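Q: Test case, fold it:
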Amino acid sequence: MREGRMPRTRDAGDSRDAGDPGEERRGRPRSTATHQAILKATRDLLIEGGYARLTMDRVASRAGVGKQTVYRRWPSKAPLVGEAVIQGYLSTATDGTASPLDTGDLDHDLRTWLHITVTAMADPEYGALVRALTVASAENPADAESLYQQLAGPGQEALVHRLRSAVKAGRIRPDADLEAVADAFMGTLLHQILLGGSGLSARRVEGLLDVVMAGLRKEGS
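A: You can find the predicted model right below:
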């Protein structure tokens with residue numbers, strides 16, 4: 001060993017690791033800030049121009065990152081759009097849209113939940129994101145069910161839970177197909193969004209509620 005030269009040791013704080021370009025491939029967590037910037041850029045571009053005009057190049061440019069940074073995280077725009085939309089939906093969802101209240105009056109609770117949900121879904125930006133997700137699902141059928149469940153699943157499960165409470169309370173028929181009821185509500189709401197939201201109104205969903213409740217009520221109630 002030459003005089004005056006100390007042996008180099010490495011520890012967890014060795015700065016050499018921070019600049020190693022192979023870190024990401026070896027498992028170092030990717031930058032959360034970069035990840036979120038890409039998702040936000042994707043949502044912004046979808047709202048501005050829709051799914052057809054979205055490209056990985058445009059996303060990278062808007063996010064201020066290299067194209068390969070985007071491709072390392074998502075192999076194509078369909079899964080990228082799926083994550084961006086799901087995250088955008090979940091970050092703007094409110095307690096009212098996620099779960100109907102349980103005041104003991106099922107009709108009142110469902111009407112309140114529908115009004116809150118319709119108001120939230122009437123937002124043009126929300127509609128643009130949901131329509132983009134639908135196109136992404138069509139392009140990527142393997143993930144279609146997963147994407148739908150992430151978008152509509154929480155609301156659908158909460159609705160079924162509220163209906164089950166009504167069954168236990170003797171408010172509706174015990175033999176009612178609660179999953180089918182939830183499908184009818186969620187399907188109607190999403191269908192109206194795909195049509196551009198022009199038919200999405202409280203009156204329309206209340207008409208559906210009247211029909212559904214008539215079939216759910218126990219005889220004599």
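
Q: buried residues in the longest helix along the chain?
A: Counting by DSSP state H, the longest helix found in the chain is helix 141-168. Of the residues in helix 141-168, those buried under the neighbour-count criterion (16 or more other CB atoms under 10 Å) are 144, 147-148, 150-152, 154-156, 158-159, 162-163, 165-167. Using the backbone N, CA and C atoms, a C-beta is placed for each residue, glycine as well.

Q: what sits against residue 69?
A: Residues touching residue 69, when contacts are defined by CB atoms under 8 Å, 6 or more residues apart in numbering, comprise 34, 38, 60.

Q: rerun at 6 Å
A: Contacts here follow CB atoms under 6 Å, 6 or more residues apart in numbering; on that basis residue 69 touches nothing.

Q: Nearest residue to the middle of the protein?
A: The structure's the chain has its C-alpha centroid closest to residue 86; by CA atoms, centre = their mean the separation is 2.5 Å.

Q: Give me the local confidence score for the residue nearest to that one when sequence neighbours are not counted.
A: In space, not counting the residues next to it along the chain, residue 86 is nearest to residue 150; the distance is 4.7 Å by CB to CB, 6 or more residues apart in numbering. Turning to residue 150, the model gives it a pLDDT of 73.

Q: Return the distance of residue 150 relative to residue 138.
A: Residue 150 is 16 Å from residue 138, where distance means CB to CB, to the nearest Å.

Q: By mean pLDDT, point me to the weakest helix or strand of this structure.
A: Ranked by mean pLDDT, DSSP states H and E, the helix or strand of the chain with the weakest confidence is helix 23-26, at a mean of 41.

Q: Following element in sequence after that one, please.
A: Next along the chain after helix 23-26, taking DSSP states H and E as the criterion, comes helix 32-49.

Q: My guess is residue 162 contacts residue 103. True?
A: No - with the criterion set as CB atoms under 6 Å, residue 162 and residue 103 do not qualify as a contacting pair; they are 10.3 Å apart.

Q: follow-up on the earlier one: just the closest of the buried residues of helix 141-168 to residue 116, please.
A: Closest to residue 116 out of those is residue 155 (10.8 Å), distances taken as CB to CB.

Q: if we can go back for a sec, wasn't the residue nearest to the centre of the chain part of a helix?
A: Yes - when classified by DSSP: H, G, I helix; E, B strand; the rest coil, residue 86 is found to be part of a helix.

Q: how close does it get to residue 153?
A: Computed as CB to CB, the residue 86 to residue 153 distance reads 10 Å.

Q: now residue 158, nearest residue through space, not along the chain?
A: Closest to residue 158 by CB to CB, 6+ apart is residue 99, at 3.8 Å.

Q: burial of residue 39, as a residue count?
A: When counting by other CB atoms under 10 Å, one arrives at 22 neighbours for residue 39.
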